[in-house]
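K.L.:
Take a look and give me a structure for this.
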Amino acid sequence: MADSAQTSRFGHYDYIIVGAGSAGCVLANRLTEDPDIRVLLLEAGGKDDYFWIHMPVGYFKTMNNPRTDWCFKTVEEPGLNGRAIGYPRGKTLGGCSSINGHIYMRGQAHDYDTWAQLGNVGWSWNDVLPYFLRSEDQENGESDLHAKGGPLAVTNMRTSMKLLDKVAEAAQQAGIPYKADFNDGDNEGVNYFQVTQKNGLRWSAARAFLHPVKHRPNLHLVTKAQVERLVIEQGRVAGLELRVDGGELETVRSNIEVVLSAGAIGSPHILMRSGIGPGQHLQANGITPLHELPGVGQNLQDHLQIRTIFKISGLPSLNQRVNNPITRYLMGLQWALTRRGPLTMGASQMGVFTRSDPSRATANLEYHLQPLSTDKLGDPLHKFPAFTASFCNLRPTSRGSVSVDGPNANTAPLIAPNYLSTSDDQRVAIDGFRLTRHIVGQPALEPYAPEEVAPGAAVQSDEELIRAAGDLGTTIFHPVGTCKMGSDAMAVVDNRLRLQGLAGLRIVDASVMPNITSGNTNAPSIMIGEKGADLIKEDRHLSSQAA
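P.N.:
Numbers count the residues shown, from 1 in each chain. Coordinates of the predicted model:
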């Protein structure tokens, strides 16, 4: 396989990390703390020197922008009434942490304890909490659950609005408690989110972990480096073939391991292009199977957000402020002078975690509340005052897939999330609509005469609500699970993140999650990077002792 490629100008490295996203930046930082470890970090996207990456509200400008987003689309989804939807993935240093909504959310202790109960020793809540702490620079100070001094800034919102406060009051009147800390292992309740920002600027994984160390002599960073395939020799991954900025095919080799950190879409796509995966599918797409692993690309899980919109009266929303050139200018001035105000907003400002029905063991719904409304991300805001209450099923039972559409690295993968394909997911969607209406109907919002714009008050029956879920639902950008960790027949990596049955390759990113976490997935991906770095160092130490 390697004979067709030129010998690399880069030389040999101990570790080659593919993907400078949330986990890859962490790995590059932690591994090169040891000056004897030589690391090559490859990023298929470009540098993160684009202004809109760093202004928090710039996610409106970075998603669906080919400069910073791969601009993938799903297949036509039956659960979305035949719609194919955009599927943003970061195409820059920092990966999705450079284009996401900034929210810092670990998930629930139950999530990680379930991973461990599935046989993944070392991944319980108590096991992973130290890795969350290692990264964290918490604005609110140190405690048993939070840390100061880490690379990743975690701060409070630098803006608030009466409208959101009233929605929070309504949620509490509906029986949902105030929650002081969403990240203590039980996130049930209502509060403003904390965000990965510093002084009113986005604090991506690249800003936190990569830029402070990128000049280390044992770290070599290459952007616009597209990996074509892995090089497999004598039962191990020995390196990879790549093109830099569309140039000639080159081979680079690793002395110890290649580490895939290309994410839940990119990592399985690279594996399959390399002949690693479900053999019948690979053969059908012109790829010679070299290592049978049926779970590669399977087990795709994502949070489907269903966006309900309510028009209000007598209470301002951001719709009016953004549509008025004077107030829009003043918001920009406020951010420029103070790094505060609406332009520091992430994708959502306030969260609600609750149960779709009392029988659920823990909170299984997350609301992203926004003091604005639009038909879809990137469209102009509505002219009327309104708020959006998006809810998502935190633990979907639907499972989708990522597959290849031929051997070419430049051909986008086929992404089929398979949303709303189970009766349980449909039940949660129906209950979510009705719970949203219950919250909005509380006394705190009554003076502002909320009027349901989407899906509309006339949509009442279970059948109508499922149809509305398909019409309104879209990704909230949390794909995981496509190279899952475990020991069953569909597992792709073991609990030390090593590829099953083939030496020299490890996967360290959100694709290894056996089950999705109960919340936003960037903080867990960074945690996986922290723990993955320790596992790599431990195995290197053991190997050197054995030698």
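K.L.:
residues making contact with the lengthiest strand in the chain?
P.N.:
Longest strand in the chain by number of residues (criterion: DSSP state E): strand 6-18. Under the contact criterion Cβ atoms under 8 Å, 6 or more residues apart in numbering, strand 6-18 has outside partners 24, 27-28, 31, 37-42, 220, 222, 227, 239-240, 248-262, 266-267, 270, 536, 540. Every C-beta, even on glycine, is put in place using the N, C-alpha and C of the backbone.
K.L.:
can you check stretch 178-186 too?
P.N.:
Contacts for stretch 178-186 (Cβ under 8 Å, 6+ apart): 104-106, 108-109, 125, 129, 132, 145-146, 168, 172, 187-191, 193-194, 351, 353, 362-363, 519, 523.
K.L.:
Buried among the contacts of strand 6-18? Need that as a selection in PyMOL.
P.N.:
A single PyMOL command selects the buried members of the contacts of strand 6-18 (16 or more other Cβ atoms under 10 Å):
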select buried, resi 24+27+28+31+37+38+39+40+41+42+220+222+227+239+240+250+251+252+253+254+256+257+258+259+260+261+262+266+267+270+536+540
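K.L.:
Mind checking which of the contacts of strand 6-18 land in strands?
P.N.:
Judged by DSSP E, the subset of the contacts of strand 6-18 located in strands is 39-42, 220, 222, 227, 239-240, 250-260.
K.L.:
just the helices in the stretch 51-200 of the chain please.
P.N.:
Remark: helices assigned in the stretch 51-200 of the chain by DSSP state H, counting those that start in this stretch are 51-54, 59-62, 109-117, 125-135, 162-173.
K.L.:
Let's have these in a markdown table, adding mean pLDDT, mean neighbour count and distance to residue 455.
P.N.:
As requested, those are exported to a markdown table (pLDDT from 0 to 100; neighbours: other Cβ atoms under 10 Å; distance: least, Cβ to Cβ, whole Å):
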| stretch | mean pLDDT | mean neighbour count | distance to residue 455 |
| --- | --- | --- | --- |
| helix 51-54 | 96 | 18 | 32 |
| helix 59-62 | 90 | 20 | 24 |
| helix 109-117 | 98 | 20 | 30 |
| helix 125-135 | 98 | 19 | 37 |
| helix 162-173 | 97 | 20 | 18 |
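K.L.:
For residue 406, find the nearest of the ones you listed.
P.N.:
With Cβ to Cβ, the closest approach to residue 406 among the helices of the stretch 51-200 of the chain belongs to helix 59-62: 28.4 Å.
K.L.:
what sits up against the closest one?
P.N.:
Where contact means Cβ under 8 Å, 6+ apart, the residues beyond helix 59-62 that reach it are 50, 52-53, 68-69, 98-102, 346-347, 377-378.
K.L.:
please redo it, this time with the cut-off set to 7 Å
P.N.:
By Cβ atoms under 7 Å, 6 or more residues apart in numbering, the residues outside helix 59-62 that reach it are 52-53, 68-69, 99-101, 347, 378.
K.L.:
Off-centre distance for stretch 530-537?
P.N.:
With Cα atoms, centre = their mean, to the nearest Å as the basis, stretch 530-537 stands 20 Å off its chain's centre.
K.L.:
Please tell me how far residue 175 sits from residue 292.
P.N.:
Per Cβ to Cβ, to the nearest Å, residue 175 is found 51 Å from residue 292.
K.L.:
For those two, indicate the residue with more neighbours.
P.N.:
residue 292 (14 against 11; other Cβ atoms under 10 Å).
K.L.:
any chance you could read off phi and psi for the more buried one?
P.N.:
Phi and psi for residue 292, reported as degrees, to the nearest 10, are phi -70, psi 120.
K.L.:
what sits opposite it in the beta ladder?
P.N.:
residue 277 (DSSP bridges).
K.L.:
just checking, it touches residue 280?
P.N.:
No: if you go by Cβ atoms under 7 Å, residue 292 and residue 280 don't touch, sitting 9.5 Å apart.
K.L.:
out of the helices of the stretch 51-200 of the chain, which comes closest to residue 410?
P.N.:
helix 59-62 (21.5 Å).
K.L.:
Distance from the chain centre to the closest one, please.
P.N.:
Worked out by Cα atoms, centre = their mean, helix 59-62 lies 15 Å from the chain centre.
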